[in-house]
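S.K.: Requesting a structural model of the entry that follows:
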Amino acid sequence: MRSTFLVLVLVGMFVTSGNAAVRAQSIVDAPTTVPGGAPIGHLQPRAQQFAPRSAAEQTEQEEMSNFDAQQQKQDLLLGMMKRSDTQARGMEQR
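M.R.: Okay, the predicted model is just below:
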């Protein structure tokens, strides 16, 4: 019984240490630069190129303007509904 336990412990240690060695080897072989050619951790983030008068930008601006106009209409209607509800409550109290 004890010998079986000892064999299992030794096999487990062997498998675990072998796995760690494989992991360590893959880290060593990893590239040390990123696509920009800078060492890992040294490449500065860059925003996408922005073209102020491009067709995509104009389309986006139009969509945002349309959305804003819809929101203003909804806000106006909501304000009217609140006022009419408040006035109706005032009439009921009299």
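
S.K.: Every contact and neighbour count from this point should use C-alpha atoms.
M.R.: OK.

S.K.: which residues of this structure fall in helices?
M.R.: With helices called from DSSP state H, the chain shows them at 2-28, 55-93.

S.K.: Okay, now the unreliable bits of the protein?
M.R.: 1, 14-36, 38, 43, 91-94 (pLDDT under 70).

S.K.: let's see it at 50
M.R.: By pLDDT under 50, the chain has no low-scoring segment.

S.K.: Run a quick neighbour tally on residue 58.
M.R.: Using other C-alpha atoms under 10 Å, residue 58 has 13 neighbouring residues.

S.K.: Next one: it from residue 52, what distance?
M.R.: 8 Å (C-alpha to C-alpha, to the nearest Å).

S.K.: Pull up the overlap in contacts between those two.
M.R.: By C-alpha atoms under 8 Å, 6 or more residues apart in numbering, residue 58 and residue 52 have no common neighbours.

S.K.: sorry, back to before: distance to residue 39 added to the helices of the chain, as TSV?
M.R.: Below are those laid out as TSV (distance: least, C-alpha to C-alpha, whole Å):
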stretch	distance to residue 39
helix 2-28	15
helix 55-93	34
